[in-house]
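>>> Output the structure for:
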Amino acid sequence: MKVLTVCSTGLGSSFITQLNIDKALKELGVTGVETDHSDLGSVNKGDADVIFVGRDIADAAKDLGDVVVLNSLIDMNEIKEKLAEALKRHGVDVHEEGQKA
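Down below sits the predicted model:
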């Protein structure tokens with residue numbers, strides 16, 4: 001499975017969001033998920049199973065597939081919650097810390 005974080009330039013916010021998603025994957029006990037970041041102009045539908053974007057580019061990204069819109073690119077609670085929902089949609093088992101597998 002591949003998760004892609006996208007921003008308008010593919011540099012700052014998408015990279016920070018990718019790092020936060022990597023951290024959330026560890027907290028959720030999920031392995032085997034590839035993450036990457038990119039600029040909006042370079043992404044095509046099918047490039048990733050799930051694409052995370054900020055509200056600022058949500059409309060431009062809506063046709064790229066399973067797009068998750070984040071209200072905050074640094075809110076770990078929101079990222080972790082929306083990531084867990086997306087992983088479950090794609091059949092990935094999620095085991096949050098403190099829960100039994």
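>>> dump the residue contacts of residue 34.
Contacts for residue 34 (C-beta atoms under 8 Å, 6 or more residues apart in numbering) come out as 1, 2, 3. Glycine gets a C-beta too; all of them are placed from N, C-alpha and C.
>>> Let me fix that, I meant to ask about residue 23.
Neighbouring residues of residue 23 by C-beta under 8 Å, 6+ apart: residue 76.
>>> who wins for neighbours among the contacts of residue 34?
Greatest neighbour count in the contacts of residue 34, by other C-beta atoms under 10 Å, goes to residue 3: 26 neighbours.
>>> Now for the nearest residue to residue 44 once chain neighbours are set aside, how many residues are close by?
Nearest non-adjacent residue to residue 44, counting by C-beta to C-beta, 6 or more residues apart in numbering: residue 64, 7.4 Å away. Using other C-beta under 10 Å, residue 64 has 19 other residues around it.
>>> can you check residue 26 too?
When counting by other C-beta under 10 Å, one arrives at 11 neighbours for residue 26.
>>> Same check on residue 38?
By other C-beta under 10 Å, 20 other residues sit near residue 38.
>>> For it, what are phi and psi?
Phi and psi for residue 38, reported as degrees, to the nearest 10, are phi -160, psi 170.
>>> And it, what's its pLDDT?
Residue 38 carries a pLDDT value of 96.
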